[in-house]
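Colleague: Attaching a predicted model along with its sequence, questions to come.
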Amino acid sequence: MSVFKKFFKDIIRKRHPDNDTVTVKGKPKPKYYGTVTPHPNFSASSDASVLNSAIESKGVDEDVIIAVLVRRNNEQRQKIKTVYEASTGNKLDKDLKSALRSDLEDVSLALLMTPAQFDAYLVRKATKGFGTDEDVLVEVLATRSNEEIQELKTVFKQEYGQELEEVIEKETRGDLTEALLAMLRANKDESNEINMGLAKEDAETLFEAGENTKGINVSTFINILTSRNGPQLSKTFEEYASVSDLSLPKALFMELKGDIEDCLVDIVKIAWNKSAFFAEKLHKAMEGHGTCEDTLIRVLVSRSEIDLKKIVEEYRAMFDTSLQEHILNDTKGHYQKVLLGLCGPH
């Protein structure tokens, strides 16, 4: 409970950004908060040749490989892969897998995937083998756009020969399955409009489905939390305080247990402040003994062309240290250089 209270206390100041768009050719466009941008004077053939030389050089030139992968955006990396295979007859990812080791290999291969391929890989890894990583499933499905989820489902079927919905039904249980399938429908409102009447109505509905009844109607919570846009949910959370003595997050903690509690609480955090949600993920990955490399790679790679600048800023505000400083203290070598490169200038 105290961790959750701290999370909301730290992020409330940024619940509603004042201006998150810029005007391009007379039309409003989302501001770019990625840390990786297209490399100027890009040449796929030149980069492919440089990578081939770095891979075949005696001892493998990791610095050159890092410089190319981190300083090109995903679209440019895909072009490099195509030219590399055409010129060498080999697949770049396979050659890097043979040349690199450990965490450096993992992050390099992640950077070579398209966003949809990487998401499909993450979901596959989270559902394959002994046990299921529910936190990763929720993170991916709750933070992607409707279009990104549709692309994920298409690529998952292409890569692994299974419908993602069938995998979720097989590998998860109960209310969590219902919540994940609801997110997989990819029909969430993606506008930034706030309907005050709906916020009040939803707040009362959630109260009646939770605190004001014996047991809890989890389906009602799932339906509202997985279909409304972020600003709308934020207003609903505020309205909830007028019909209950508890905040909605506190009510969730009291009424729910297990995986579905974690799932819905994460959805609430994401709606309130997505950047702070990811900052918390990164901090947990490095606090205490040991470091969760999977989390560092997953978040930094997947957000590097979306909102990693905002995550870096939120990290400092929440934890009174920079993300880069924490990475410097918890990682080393060429792997560290990749992570720092993804974070942008320090």
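Modeller: Alright, I've got the coordinates. What you are looking at is a predicted structure, and each value in this text was computed from that prediction instead of being measured.
Colleague: Run a quick neighbour tally on P40.
Modeller: When neighbours are defined as other C-beta atoms under 10 Å, P40 has 5 of them. In short, each C-beta sits where N, CA and C put it, glycine included.
Colleague: Check the one 5 residues further on too.
Modeller: Other residues within reach of S45, judged by other C-beta under 10 Å, total 13.
Colleague: how about it, secondary structure?
Modeller: Following DSSP: H, G, I helix; E, B strand; the rest coil, we place S45 in the helix state.
Colleague: Once you drop chain neighbours, what's closest to it?
Modeller: Of all residues not flanking S45 in the chain, V83 sits nearest, at 5.3 Å (C-beta to C-beta, 6 or more residues apart in numbering).
Colleague: mind listing what the one you found touches?
Modeller: A44, S45, D47, A48 (C-beta atoms under 8 Å, 6 or more residues apart in numbering).
Colleague: 10 Å - rerun?
Modeller: Each residue near V83 by C-beta atoms under 10 Å, 6 or more residues apart in numbering is listed here: S43, A44, S45, S46, D47, A48, S49, L51, L92.
Colleague: Report how many residues lie close to the last one.
Modeller: I take that to be L92. Neighbour number of L92 under other C-beta under 10 Å is 23.
Colleague: Endpoints of stretch 317-333, how far apart?
Modeller: When the termini of stretch 317-333 are compared using C-alpha to C-alpha, to the nearest Å, they are 27 Å apart.
Colleague: Tell me which helix or strand the residue nearest to S45 sits in.
Modeller: helix 74-88 (DSSP states H and E).
Colleague: Please point out which parts of that helix sit buried.
Modeller: N74, Q76, R77, Q78, K79, I80, K81, V83, Y84, E85, T88 (16 or more other C-beta atoms under 10 Å).
Colleague: go on, stretch 205-219?
Modeller: For stretch 205-219, by 16+ other C-beta under 10 Å, it's T205, L206, F207, A209, G210, E211, I216, V218.
Colleague: Show me which of those is closest to E163.
Modeller: The closest of these to E163 turns out to be V218 (C-beta to C-beta; 24.3 Å).
Colleague: Report the contact partners of that closest one.
Modeller: V218 touches G174, D175, L176, E178, A179, A209, G210, E255, L256, I260, E261, L264, counting by C-beta under 10 Å, 6+ apart.
Colleague: What subset of those residues is buried?
Modeller: Using 16+ other C-beta under 10 Å, the buried ones in those are D175, L176, E178, A179, A209, G210, E255, L256, I260, E261, L264.
Colleague: Those in helices, which ones?
Modeller: D175, L176, E178, A179, A209, E255, I260, E261, L264 (DSSP state H).
Colleague: And those, which two are furthest apart?
Modeller: The widest separation within those (C-beta to C-beta) is 17.4 Å, between L176 and A209.
Colleague: Could you dump the contacts of V83 into a markdown table with distance to L233 and pLDDT added?
Modeller: Shown next, in a markdown table, are those (distance: C-beta to C-beta, whole Å; pLDDT from 0 to 100):
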| residue | distance to L233 | pLDDT |
| --- | --- | --- |
| S43 | 45 | 98 |
| A44 | 42 | 98 |
| S45 | 48 | 98 |
| S46 | 47 | 98 |
| D47 | 43 | 98 |
| A48 | 45 | 98 |
| S49 | 50 | 97 |
| L51 | 44 | 98 |
| L92 | 41 | 98 |
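Colleague: Please pick the buried ones from the residues you listed.
Modeller: Here, 16+ other C-beta under 10 Å leaves A44, D47, A48, S49, L51, L92 buried among the contacts of V83.
Colleague: ok, which pair from those residues is furthest apart?
Modeller: S49 and L92 (12.0 Å).
Colleague: intersection of neighbour lists for these two?
Modeller: With C-beta under 10 Å, 6+ apart as the test, S49 and L92 both reach I80, V83, Y84.
Colleague: Distance check, the second one against D103.
Modeller: Using C-beta to C-beta, to the nearest Å, one obtains 27 Å as the distance from V83 to D103.
Colleague: Same check on the last one?
Modeller: To D103, Y84 is 23 Å away according to C-beta to C-beta.
Colleague: I'd say L252 and V268 touch.
Modeller: Yes - using C-beta atoms under 10 Å, L252 is in contact with V268, at 7.0 Å.
Colleague: Report the distance from stretch 184-200 to the chain centre.
Modeller: 20 Å (C-alpha atoms, centre = their mean, to the nearest Å).
Colleague: in it, what's buried?
Modeller: L184, A186, K188, I194, N195, L198, A199, K200.
Colleague: show me the contacts for the second one.
Modeller: To tie it back to what came earlier, the one meant is A186. Shown in contact with A186 (C-beta under 10 Å, 6+ apart): L141, R144, S145, N146, E147, E148, I149, Q150, E151, L152, K153.
Colleague: Dump those to JSON lines, plus distance to A99, secondary structure and pLDDT.
Modeller: JSON lines is the format used below for those (distance: C-beta to C-beta, whole Å; DSSP: H, G, I helix; E, B strand; the rest coil; pLDDT from 0 to 100):
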{"residue": "L141", "distance to A99": "34", "secondary structure": "helix", "pLDDT": "98"}
{"residue": "R144", "distance to A99": "31", "secondary structure": "coil", "pLDDT": "98"}
{"residue": "S145", "distance to A99": "35", "secondary structure": "coil", "pLDDT": "96"}
{"residue": "N146", "distance to A99": "38", "secondary structure": "helix", "pLDDT": "97"}
{"residue": "E147", "distance to A99": "34", "secondary structure": "helix", "pLDDT": "97"}
{"residue": "E148", "distance to A99": "31", "secondary structure": "helix", "pLDDT": "98"}
{"residue": "I149", "distance to A99": "34", "secondary structure": "helix", "pLDDT": "98"}
{"residue": "Q150", "distance to A99": "35", "secondary structure": "helix", "pLDDT": "98"}
{"residue": "E151", "distance to A99": "30", "secondary structure": "helix", "pLDDT": "98"}
{"residue": "L152", "distance to A99": "29", "secondary structure": "helix", "pLDDT": "98"}
{"residue": "K153", "distance to A99": "33", "secondary structure": "helix", "pLDDT": "98"}
